[in-house]
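# kindly generate the corresponding structure for this input.
(chains A and B)
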Amino acid sequence: MPPPPTTRKIFTSALGRDNPVFAQVLGICSTLAVTNVLKNTVVMCLGVVFTLACSNVTVSLLRKHIPNRIRMMVETLIIASYVIIVDIVIKAFLPGISRQLGPYVGLIITNCIIMGRAEAFGLTNPPKVAFFDGIAAGLGYSYVLLAIAFVRELMGSGTVWGHAIPWFSAHWQNWSIMVMAPGAFFTLAVLIWIIKGRILPPQEEDGK
Amino acid sequence: MGGKALERFRTIGFMAVITAVFIAAVSGVHVLTAEVVARNEKLYLQTAVLEAAAILVPDTPAAIAACYNECVKPVPDAAAPDYYEIYKRDQAGRAGYVFVRDGVGLWGAITAVVGVDADLATLTGASFVKHNETPGLGARIDEQWFMAQLAGKRPPLTLVPEETADNTDAQIDQITGATITSRGVRDLLNKTVAEAAARLDET
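Next up, the predicted model:
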């Protein structure tokens, strides 16, 4: 078995070329659903980072004991448990935000990034690296979502974090479509184009 | 054959054990926070009733509960209230009523807390405690300006484009991009007030 990757490598790949959202295009459901206002996005991101780190570590701790045939059942169970805990805690301590996020926190369970990391990384790596991998994937997911949410809230509602921007909000005609799901598709596509086409250096051919 | 059965037994046993462990953990968190969650819910509804009745809501949870107990009387009882009678310190007799009623939004039901004056015709306020409307569009019914414009209006209400409502009794601003939600809210308010007038006028 190859040695586990270094922490540095985990972070650079999750934030850069192997980013879960713009490179692997995973977790798109929540990218569409919760990015129309920044505040909700931040809570969602915190929930995803927490769930990713915890589920990755738990799967990693149990990796030598989980029977191979039922590994996905076990992973789903672990992920669902952490998500429900997140949901309950938000409901108890941030009731206002919980009301706004509605069913979306529960939908973290179906976020493909979490299952993907548990399958691809947690199952085959020791807990410490798995923890960093979870955090890294979560941050990679978060910054892309926050960027999309910033653009959508600004163009769709003319605000940032619920606050009007002095000169801008007075002169900006809100684009309703940015608040709805298609706005997220447009923003994500433009973002992928900018990052993959302009910022990241062209990919070397595989099969070297 | 024995090895295979053992393997199967181990697989099922592992799943059973791990399920039990995680259910115990989730239940534990639920039990620990159940009281806080219930208290949040109650406080939220009490605040909404007070706001709908145009009573100034105090800052602390304890003061809100005290204010609620003083001014609000659930009818027929607190366990299954049909509506709430409002009594104010500076006013003799009933000051008004508050109704919690459901209407139809774009994505599902909208639950509104609607305050009606003692004349059974004028709105004292309204807020929307449960709905699944689109954030940034229909969900703007939660915004302060939208709720504030309802106080003092006398249904039946009519909708006019956003930011064009005048000070007359019936016009309210609808939300641009949320026509169906706006209509749902209008119908819900009209129906609630009509029903209130029909039911309570004689008493």
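# residues from chain B in reach of chain A?
B:7, B:10-11, B:14-15, B:18-19, B:22-23, B:25-26, B:29-30, B:33, B:36-37, B:40-41, B:44, B:132, B:134-137, B:139, B:176-177 (C-beta under 8 Å from any C-beta of the partner chain). Where C-beta positions appear, they are placed from N, C-alpha and C, glycine not excepted.
# pull the contacting residues for B:Leu45.
B:Val100, B:Val113, B:Val129 (C-beta atoms under 8 Å, 6 or more residues apart in numbering or on different chains).
# the residue of chain B found nearest chain A: what's it in contact with?
Closest residue of chain B to chain A, C-beta to the nearest C-beta: B:Gly136 (3.4 Å). Counting by C-beta under 8 Å, 6+ apart, B:Gly136 touches A:Asn36, A:Val37, A:Glu153, A:Gly156, A:Ser157, A:Val179, A:Met180.
# ok but it is inside a strand, no?
No. Counting by DSSP: H, G, I helix; E, B strand; the rest coil, B:Gly136 is not part of a strand but coil.
# only the buried subset of the contacts of B:Leu45, as a PyMOL command please.
Those of these that count as buried under 16 or more other C-beta atoms under 10 Å in any protein chain shown are selected in PyMOL with:
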select buried, chain B and resi 100+113+129
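# inside strands: which ones of the contacts of B:Leu45?
Members of the contacts of B:Leu45 lying in strands (criterion: DSSP state E): B:Val100, B:Val113, B:Val129.
# what sits against the nearest residue to the first one once chain neighbours are set aside?
By the measure of C-beta to C-beta, 6 or more residues apart in numbering or on different chains, the closest residue to B:Val100 outside its immediate chain neighbours is B:Val113, 5.3 Å from it. If a contact means C-beta under 8 Å, 6+ apart, then B:Val113 has B:Leu45, B:Ala48, B:Val49, B:Glu51, B:Ala52, B:Val98, B:Phe99, B:Val100, B:Ala126, B:Ser127, B:Phe128, B:Val129 as its contacts.
# which of these has the most neighbours?
Among the contacts of B:Val113, B:Ala52 has the most neighbours (other C-beta atoms under 10 Å in any protein chain shown), with 29 neighbours.
# my read: it touches B:Val114, true?
Yes. In this structure B:Ala52 lies within contact range of B:Val114 using C-beta atoms under 8 Å: 6.1 Å.
# please enumerate the shared neighbours of these two.
Joint contacts of B:Ala52 and B:Val114 (C-beta under 8 Å, 6+ apart) are B:Val98, B:Ala126.
# partners of B:Glu85 in the sheet?
B:Lys73, B:Tyr97 (DSSP bridges).
# quick check: it touching B:Lys73?
Yes. The criterion here is C-beta under 8 Å, and B:Glu85 meets it with B:Lys73 at 4.5 Å.
# out of these two, which sits in the busier spot?
Taking other C-beta under 10 Å, B:Glu85 and B:Lys73 do not tie; B:Glu85 has more neighbours (19 against 15).
# distance of the more buried one from B:Asn167?
Counting by C-beta to C-beta, to the nearest Å, the separation of B:Glu85 from B:Asn167 is 29 Å.
# tell me which element B:Asp166 is part of?
Per DSSP states H and E: B:Asp166 is located in neither a helix nor a strand.
# distance of it from B:Ala126?
For B:Asp166, the distance to B:Ala126 equals 19 Å [C-beta to C-beta].
# same check, this time on A:Arg63
For A:Arg63 relative to B:Ala126 (C-beta to C-beta), the value is 55 Å.
# so, low pLDDT: which residues of chain B?
B:1, B:202-203 (pLDDT under 70).
# so where do the helices sit in it?
B:2-52, B:61-71, B:144-148, B:179-200 (DSSP state H).
# any chance of these in a markdown table, with distance to A:Ile113 too?
Listed next are the helices of chain B as a markdown table, based on distance: least, C-beta to C-beta, whole Å:
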| stretch | distance to A:Ile113 |
| --- | --- |
| helix B:2-52 | 20 |
| helix B:61-71 | 38 |
| helix B:144-148 | 36 |
| helix B:179-200 | 32 |
